[in-house]
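*Asks:* Below: sequence and its predicted model.
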Amino acid sequence: MTDCHIYEGDGTRPIREENVRVIHEARRVQFPDELGLWRREIEDEEARRQAAGEPYRWNNPRFAVESLVVSRTHTAEEPQATMVFLDADYYDFLTTSINLDRKLADGSTLRRQYLEDQDPLDAPAWMFCSFGVNVAVETGKDHKMLFSRRSSKVAGPNASRWNSSANEGAAANHDLSPTGEISLHAIARRALREELAVQDSDGVDLELLGFGLDLRNNQWAAFFRAVLTDLSEEELRSRWSRGVEDKWEHDEYAFVPADPESVLAFLHRTGPWTPCAPALFYLALVRGTVRARGGDPSARLLVEEAERAVLRQSV
């Protein structure tokens with residue numbers, strides 16, 4: 001059981017890159033007055049920490065998710081997604097994510113109002129001031145799944161938790177093209193490059209499997225599976241020893257054989273996990289199993305069978 005709500009995708013088929021559309025509206029998300037005061041508290045505290053030479057959380061431009069609409073193409077009925085992003089920043093995200101259980105003036109909380117007493121998908125855009133892209137990575141040469149544990153030095157509630165192989169938050173300074181376009185697939189490739197030193201020239205079989213909502217931290221997530229067709233565990237570790245752009249974000253890695261029983265056993269015996277990571281790896285297992293059996297969607301049942309076997313062994 002996790003705090004992840006799978007909104008779209010069961011792992012049996014991907015959402016093709018050409019069927020994903022992200023619309024950027026150049027207007028800033030607006031907080032209610034009370035939350036605006038909370039945001040200023042965060043800004044003042046981080047400025048104080050920076051001036052004192054203490055570790056601090058720096059701000060950067062993010063996007064707020066105003067809407068996510070999932071539909072199907074007319075003829076083939078393939079999944080397609082349209083998202084609308086507004087302008088926001090990291091401090092906007094912190095304003096809600098670290099204050100979900102803080103009492104409002106009326107005695108309620110953001111969690112109670114928007115995540116428990118109504119459908120979270122109906123929450124206003126200012127509740128979703130970050131969009132995360134999460135990637136489950138498999139090595140192509142030796143067929144191993146990669147798990148990453150976030151460093152204790154990383155800010156936020158997911159510090160020291162096992163997570164996706166690589167992940168990045170969509171950021172305007174990195175991911176908004178001069179022509180106003182945003183590509184989720186490009187963000188996934190950036191995550192691979194910055195966190196795992198997988199370069200654009202490396203062979204990567206990349207698929208978008210779906211979308212989920214982290215109900216614990218109130219953040220949208222895209223789920224990707226990436227097979228590094230020309231790399232092995234040994235080659236990746238050797239490359240990391242020569243430096244990684246954002247190496248500080250993780251303090252431990254684990255490579256596990258990419259078959260369902262091995263991966264699910266690792267998920268069950270290891271922890272703690274971020275809310276969406278188990279769902280991501282489960283969907284990646286389903287996709288790998290379906291592809292290995294010629295695209296037969298009923299192959300997902302083999303992953304369910306492996307899960308039952310793992311649960312029996314853990315009793």
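*Replies:* Ah, there it is.

*Asks:* contacts and neighbour counts: CA atoms only from here.
*Replies:* Noted.

*Asks:* got the CA coordinates for stretch 109-126 in CSV?
*Replies:* The C-alpha coordinates for stretch 109-126 follow below in CSV (Å, rounded to 0.1, in the frame of the first residue of the first chain):
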residue,chain,number,x,y,z
THR,A,109,-6.1,21.9,6.7
LEU,A,110,-5.2,21.8,3.0
ARG,A,111,-5.0,18.0,3.2
ARG,A,112,-8.5,17.8,4.6
GLN,A,113,-10.0,20.3,2.2
TYR,A,114,-8.4,19.2,-1.0
LEU,A,115,-7.1,15.7,-0.6
GLU,A,116,-9.6,14.0,1.7
ASP,A,117,-13.0,15.8,1.6
GLN,A,118,-13.1,16.0,-2.2
ASP,A,119,-11.6,14.5,-5.3
PRO,A,120,-7.9,15.6,-5.4
LEU,A,121,-8.1,16.0,-9.1
ASP,A,122,-10.5,18.9,-8.6
ALA,A,123,-8.0,20.8,-6.4
PRO,A,124,-6.9,24.3,-7.7
ALA,A,125,-3.7,24.8,-9.6
TRP,A,126,-1.9,26.4,-6.6
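
*Asks:* List phi and psi for the nearest residue to Asp122 once chain neighbours are set aside.
*Replies:* The spatial neighbour of Asp122 that comes closest, neighbours along the chain excluded (Cα to Cα, 6 or more residues apart in numbering), is Tyr114 at 7.8 Å. Main-chain torsions, Tyr114, degrees, to the nearest 10: phi -110, psi -20.

*Asks:* tell me the contacts of Trp126?
*Replies:* Listed by Cα atoms under 8 Å, 6 or more residues apart in numbering, the contact partners of Trp126 are 29-31, 64-65, 92.

*Asks:* just Asn167 next, same as before
*Replies:* Contacts of Asn167 (Cα under 8 Å, 6+ apart): 132-135, 188, 191-192, 195.

*Asks:* In helices only, show me those residues.
*Replies:* 188, 191-192, 195 (DSSP state H).

*Asks:* For those, name the two members farthest from one another.
*Replies:* Ala188 and Glu195 (10.6 Å; Cα to Cα).

*Asks:* The two: which is more packed in?
*Replies:* Between Ala188 and Glu195, counting by other Cα atoms under 10 Å, Ala188 is the more crowded of the two (27 against 21).

*Asks:* okay, that one: pLDDT?
*Replies:* If you check Ala188, the pLDDT there is 98.
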